[in-house]
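*Asks:* Sequence first, then the predicted structure:
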Amino acid sequence: MASTDTTAATKDGNDLAGLEAGLDALETVQQTRKPFGQVLREKVLPPLTAIALVLVVWQALVSFEIVDDPSKLPSPGAVWDVVQQAWLEGELLGYIWTSVSRGLLGFFFALLIGTPLGLLVARVKFVRAAIGPILSGLQSLPSVAWVPPAVIWLGLNNSMMYAVILLGAVPSIANGLVSGVDQVPPLFLRAGRTMGATGLKGTWHIVLPAALPGYVAGLKQGWAFSWRSLMAAEIIASFPDLGVGLGQLLENGRNASDMAMVFEAILLILIVGIAIDLLIFSPLERWVLRSRGLLVKS
């Protein structure tokens with residue numbers, strides 16, 4: 001009888017060990033790198049194919065005279081010539097840097113304002129009831145609406161540009177953080193209070209880490225609003241002392257009825273927006289998801 005009990009206990013122990021080993025295997029993050037050919041097929045080839053398809057359709061519209069007026073739709077070659085000329089004249093990087101430096105600095109200021117504001121709205125019921133709906137309304141308000149009053153209040157200068165960026169980005173950042181805090185499981189907060197993490201300590205060690213996915217989503221949306229707000233301000237409030245950014249370049253092309261320059265500005269605005277997302281926000285988002293086991297590194 002004792003031998004039978006020992007055998008059963010050994011079997012149960014082996015089963016438990018096998019179960020633990022299986023769970024450990026599921027949780028183990030694979031560190032192997034994908035082959036270069038697989039990365040090329042999955043990450044590089046699809047966007048290149050899409051770009052090539054757009055260029056083929058664009059060129060076909062011009063070559064087959066479906067749009068026979070070059071002043072309305074220039075060829076890809078004509079746009080490339082304008083970009084190349086701006087590069088050779090040393091102006092291309094200046095256009096990009098003028099807008100990117102404004103956008104990043106304005107977004108940094110929006111981050112400093114939107115983060116504590118979002119925490120305040122999320123954690124204080126009276127503040128949420130008072131200004132929560134206002135933040136949601138401001139987020140839905142088109143950024144271009146702030147340009148005329150900003151010009152009247154601040155004049156045609158960089159302060160006006162930053163004010164428009166702040167008014168466009170702060171509500172998105174604050175609302176993103178509020179959404180992230182609302183999704184923190186109450187169990188986390190109770191466990192934090194049990195361990196003495198209350199007040200600012202609880203906010204720093206419990207609330208903010210748990211709300212990070214929603215906060216990062218708010219940051220990503222906040223940058224999109226910052227960039228669009230800046231482009232609207234540069235297009236409407238053009239002034240020589242402000243320098244020529246991408247929005248001003250777009251407006252210059254419109255004033256000169258130069259569609260090649262207009263397309264140049266549109267493509268540069270698009271490329272900068274994609275580059276910022278790929279270099280900053282996509283890696284940050286992947287890191288947050290991976291740190292929570294939501295994205296397996298392969």
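*Replies:* It's in. Remember, predicted model here, so these are calculated numbers, not experimental data.

*Asks:* Tell me the secondary structure at the residue nearest to G247 when sequence neighbours are not counted.
*Replies:* Leaving aside its chain neighbours, G247 sits nearest to E234 (2.6 Å; criterion: CB to CB, 6 or more residues apart in numbering). Placement of C-beta: from N, CA and C, glycine included. Going by DSSP: H, G, I helix; E, B strand; the rest coil, the secondary structure assigned to E234 is helix.

*Asks:* mind listing what E234 touches?
*Replies:* S99, M161, L242, G245, L246, G247, Q248, L250, E251 (CB atoms under 8 Å, 6 or more residues apart in numbering).

*Asks:* and the nearest residue to I266 once chain neighbours are set aside, how many neighbours?
*Replies:* Spatially, and ignoring its direct neighbours in sequence, I266 is nearest to L250 (6.8 Å; CB to CB, 6+ apart). L250: 21 surrounding residues under other CB atoms under 10 Å.

*Asks:* Enumerate the positions of whichever helix in the chain runs longest that are buried.
*Replies:* When the chain is scanned for its longest helix (criterion: DSSP state H), the result is helix 92-123. Residues of helix 92-123 classed as buried by neighbour count (16 or more other CB atoms under 10 Å): 92, 95-96, 98-100, 102-104, 106-107, 109-111, 114-115, 117-119, 121-122.

*Asks:* Check which element follows that helix along the chain.
*Replies:* helix 125-140 (DSSP states H and E).

*Asks:* What's the end-to-end length of stretch 35-43?
*Replies:* Start-to-end span of stretch 35-43 (CA to CA, to the nearest Å) is 12 Å.

*Asks:* Oops, could you answer that again for stretch 228-242 instead?
*Replies:* First residue to last in stretch 228-242 (CA to CA) measures 18 Å.

*Asks:* remind me which residues of this structure are low pLDDT?
*Replies:* Residue ranges of the chain with pLDDT under 70: 1-34, 36, 38-39, 189, 197-202, 293-298.

*Asks:* Spatially central residue for it, please.
*Replies:* Geometric centre of the chain, nearest residue: K220, 2.7 Å, by CA atoms, centre = their mean.

*Asks:* list the contacts for it?
*Replies:* D277, F281, E285.

*Asks:* buried stuff in the helix or strand where it lies?
*Replies:* Secondary structure assigned from DSSP H and E places K220 in helix 212-236. For helix 212-236, a neighbour-count test (16+ other CB under 10 Å) marks 212-235 as buried.

*Asks:* cool, stretch 240-250 as well?
*Replies:* L242, G243, V244, G245, L246, G247, Q248, L249, L250.

*Asks:* Run through who's touching that stretch.
*Replies:* Residues outside stretch 240-250 that contact it (CB under 8 Å, 6+ apart): 91, 94-96, 98-99, 102, 156-158, 161, 230-235, 238, 252, 261-262, 264-266, 268-269, 272.

*Asks:* Take the contacts of E234 and write them to TSV, including distance to W204 and secondary structure.
*Replies:* Output for the contacts of E234, formatted as TSV (distance: CB to CB, whole Å; DSSP: H, G, I helix; E, B strand; the rest coil):
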residue	distance to W204	secondary structure
S99	35	helix
M161	33	helix
L242	40	helix
G245	37	coil
L246	38	helix
G247	38	helix
Q248	42	helix
L250	43	helix
E251	45	helix
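
*Asks:* which two in those are spaced the farthest apart?
*Replies:* Greatest spatial distance in those: M161 and L250, 15.2 Å, computed using CB to CB.

*Asks:* I'd say G114 and A169 touch.
*Replies:* Yes: between G114 and A169 there is a contact under CB atoms under 8 Å: 6.8 Å.

*Asks:* Mind listing the shared neighbours of the two?
*Replies:* G222.

*Asks:* can you put the contacts of K220 in JSON lines and add distance to L208 and neighbour count?
*Replies:* Shown next, in JSON lines, are those (distance: CB to CB, whole Å; neighbours: other CB atoms under 10 Å):
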{"residue": "D277", "distance to L208": "23", "neighbour count": "16"}
{"residue": "F281", "distance to L208": "18", "neighbour count": "18"}
{"residue": "E285", "distance to L208": "16", "neighbour count": "17"}
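
*Asks:* Between those, which sits nearest I134?
*Replies:* Nearest to I134 among these is F281, at 26.3 Å by CB to CB.

*Asks:* All good on my end, thank you.
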